[in-house]
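In: dropping the sequence and predicted coords here.
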Protein chains: 2
Amino acid sequence: MNSSTEENYLKALFSLSGKSGGVNVIDLSKKLGIKMPTVTSMVKKLSQKKLIDYKKYKPLHLTAKGRKEALLIIRKHRLTEMFLVEKMGFGWQEVHKVAEQLEHVQIPVLFERMDEMLNFPKFDPHGEPIPDQTGLLKQEQYDKLSNRATGETVVFCAVENTTDDFLEYLNNREIRLGLKLKIHGIEPFDGSMLVSYGKRQAERLSHTICERLLVRKT
Amino acid sequence: MNSSTEENYLKALFSLSGKSGGVNVIDLSKKLGIKMPTVTSMVKKLSQKKLIDYKKYKPLHLTAKGRKEALLIIRKHRLTEMFLVEKMGFGWQEVHKVAEQLEHVQIPVLFERMDEMLNFPKFDPHGEPIPDQTGLLKQEQYDKLSNRATGETVVFCAVENTTDDFLEYLNNREIRLGLKLKIHGIEPFDGSMLVSYGKRQAERLSHTICERLLVRKT
DNA sequence: GTAATAAGTTAGACTAATCTAACATAATGT
DNA sequence: ACATTATGTTAGATTAGTCTAACTTATTAC
């Protein structure tokens, strides 16, 4: 059994693994808000438990076992968020902190019951895919809005690097999951985009925002 | 903020406080499954935080503050049990372990939402009263079945010292909350009682069982 | 009322998770 | 290419919560 501290390291490691899968100690340290020497020592412990591959001074990699455990925690987190939104009437902005605590509960049947009550959802309220009971993730090929071109119409499917502020920002502009956006133009200087959606005919979204909105083509 | 370890000490202390309110270190130690020296040191810590009154070699007493905090944790525990039974379809035997973990979640709104969805229940699935948001307990004047006399008819309202085995035992004999029991006789030798209820005309309940069944008069 | 037993405390050690300070290695810039 | 900066590691301290062994105080039993 892993402690919830260990679980948080695994989750952070997973979320920082890009396609290369390599994670720097400093990034993990920042993500967790924990000093580097502490991270190094925990990394050694996780390495002994065969949850990550570790060589001094080299980027960290989750092992298959580590990745699976991370995904099972993420499954609990996302099912919980979905349950809070769908069955308890919470807003999608406020469920993250709650799920951070509930995801460490060690009662599998609780989460399987949520899954059942939710009718085995594939995505959480932020549009993120929910891993299955065996720790497998149906990877969706989302793309950042900032990578799309003028003239395209896309559907907003998920957010990246979500924070309370960011979700609040989206709410204020009525940007909801499933929303269709049309790209009218891109400003070469700062990468901001002029888009229309819903009743809004000409909204300008900064590059920072566009990088965090994940979309698929219609 | 108290740690969940501290919360468990407070809860155990409350549940061991009889009418005198005094709790022995050894009983607390047994209840928590933690050795006495460890308990002594935690007791000093809780005493510093003004949660208990402590004098060397004397029984422990919760302060008003400590009692309130204990009741607020118990509130979360009981609301959670009720929620699991009423809204998620769990059996009343299986919810205790889950609630033990969930009661330490530090998100007041989660429990207030449960309360609302449950329509502000006064009792949990085991018939125990649920303290209010300010840590106040509506004390019911339950009595042990073992204290009642032949000829009386009583309603089974709550259990004392509940364990999985005990709940299983009750289930097997179809003894449910709200059940009416008639007392036909008491065996002076061992204190066992002959009772009838539902379709059962002559069931014998041992003194041990009768001490753990809390009832009120009809 | 003293000896034996039960209950409670003190002292000292251990593990998990954290920190700071100091040192080591890798990456970067001119 | 070497100096500087960024990243990573080691060493040693700290806190919370736990333990065992040894000692002290209170209770019980004849």
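Out: Yep, it's here. This one's a predicted model, so the numbers in the text were calculated from it and none came from an experiment.
In: so which elements touch the longest helix along chain A?
Out: Once chain A is assigned using DSSP state H, the helix that runs over the most residues is helix A:64-88. The contact analysis (3 or more Cβ pairs under 8 Å, 6 or more residues apart in numbering or on different chains; DSSP states H and E) places helix A:64-88 against helix A:4-16, helix A:95-102, helix A:108-117, helix B:108-117. C-beta here means a position set from N, CA and C on the backbone, and glycine is covered the same way.
In: enumerate every residue touching the residue nearest to residue A:157 when sequence neighbours are not counted.
Out: Leaving aside its sequence neighbours, residue A:157 sits nearest to residue A:127 (Cβ to Cβ, 6 or more residues apart in numbering or on different chains; 4.7 Å). Applying Cβ atoms under 8 Å, 6 or more residues apart in numbering or on different chains to residue A:127 gives the contacts A:156, A:157, A:158, A:159, A:177, A:214.
In: one more time with 6 Å
Out: Going by Cβ atoms under 6 Å, 6 or more residues apart in numbering or on different chains, residue A:127 touches A:157, A:158, A:177.
In: sec struct for it, please.
Out: Look at residue A:127: counting by DSSP: H, G, I helix; E, B strand; the rest coil, its state is coil.
In: which parts of chain A sit against DNA strand C?
Out: Proximity of chain A to DNA strand C is confined to A:3, A:5, A:6, A:33, A:34, A:35, A:37, A:38, A:41, A:42, A:45, A:57 under the rule Cβ under 7 Å from any atom of the strand.
In: could I have the ChimeraX command that selects the buried members from these?
Out: Of those, the buried ones go into a single ChimeraX selection, burial set by 16 or more other Cβ atoms under 10 Å in any protein chain shown:
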select /A:6,34,42
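In: so which of the residues of chain A next to DNA strand C is the closest to chain B?
Out: Closest to chain B out of these is residue A:3 (12.8 Å), distances taken as Cβ to the nearest Cβ.
In: okay, now the domains of chain A?
Out: Listed domain ranges for chain A are A:4-62, A:73-139, A:143-217 (source: automatic domain parsing).
In: flag every residue of chain A that's near chain B.
Out: Neighbours of chain B within chain A, by Cβ under 6 Å from any Cβ of the partner chain: A:88, A:98, A:101, A:105, A:107, A:110, A:113.
In: turn those into a markdown table, columns for pLDDT and neighbour count.
Out: Formatted as a markdown table, the residues of chain A next to chain B follow (pLDDT from 0 to 100; neighbours: other Cβ atoms under 10 Å in any protein chain shown):
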| residue | pLDDT | neighbour count |
| --- | --- | --- |
| A:88 | 97 | 17 |
| A:98 | 96 | 22 |
| A:101 | 96 | 17 |
| A:105 | 96 | 18 |
| A:107 | 95 | 18 |
| A:110 | 97 | 23 |
| A:113 | 97 | 18 |
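In: closest one to DNA strand C out of these, please.
Out: The shortest approach to DNA strand C among the residues of chain A next to chain B belongs to residue A:101, at 14.6 Å (Cβ to the nearest atom of the strand).
In: helix, strand, or coil at the closest residue to the closest one other than its chain neighbours?
Out: Sequence neighbours aside, residue B:105 is the residue nearest to residue A:101 in space, at 4.9 Å (criterion: Cβ to Cβ, 6+ apart). Here residue B:105 is coil, with the state taken from three-state DSSP.
In: any idea how far residue B:6 is from residue B:105?
Out: Taking Cβ to Cβ, to the nearest Å as the measure, residue B:105 and residue B:6 are separated by 15 Å.
In: equivalent analysis for residue A:142, please.
Out: Between residue A:142 and residue B:6 the distance is 44 Å, computed by Cβ to Cβ.
In: returning to that earlier point: including pLDDT, could the residues of chain A next to DNA strand C go into a markdown table?
Out: What follows is those, written out as a markdown table (pLDDT from 0 to 100):
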| residue | pLDDT |
| --- | --- |
| A:3 | 95 |
| A:5 | 97 |
| A:6 | 97 |
| A:33 | 96 |
| A:34 | 97 |
| A:35 | 96 |
| A:37 | 97 |
| A:38 | 97 |
| A:41 | 96 |
| A:42 | 97 |
| A:45 | 96 |
| A:57 | 94 |
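In: could I get the residues of chain A next to DNA strand C as JSON lines with secondary structure?
Out: Output for the residues of chain A next to DNA strand C, formatted as JSON lines (three-state DSSP):
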{"residue": "A:3", "secondary structure": "coil"}
{"residue": "A:5", "secondary structure": "helix"}
{"residue": "A:6", "secondary structure": "helix"}
{"residue": "A:33", "secondary structure": "coil"}
{"residue": "A:34", "secondary structure": "coil"}
{"residue": "A:35", "secondary structure": "coil"}
{"residue": "A:37", "secondary structure": "helix"}
{"residue": "A:38", "secondary structure": "helix"}
{"residue": "A:41", "secondary structure": "helix"}
{"residue": "A:42", "secondary structure": "helix"}
{"residue": "A:45", "secondary structure": "helix"}
{"residue": "A:57", "secondary structure": "coil"}
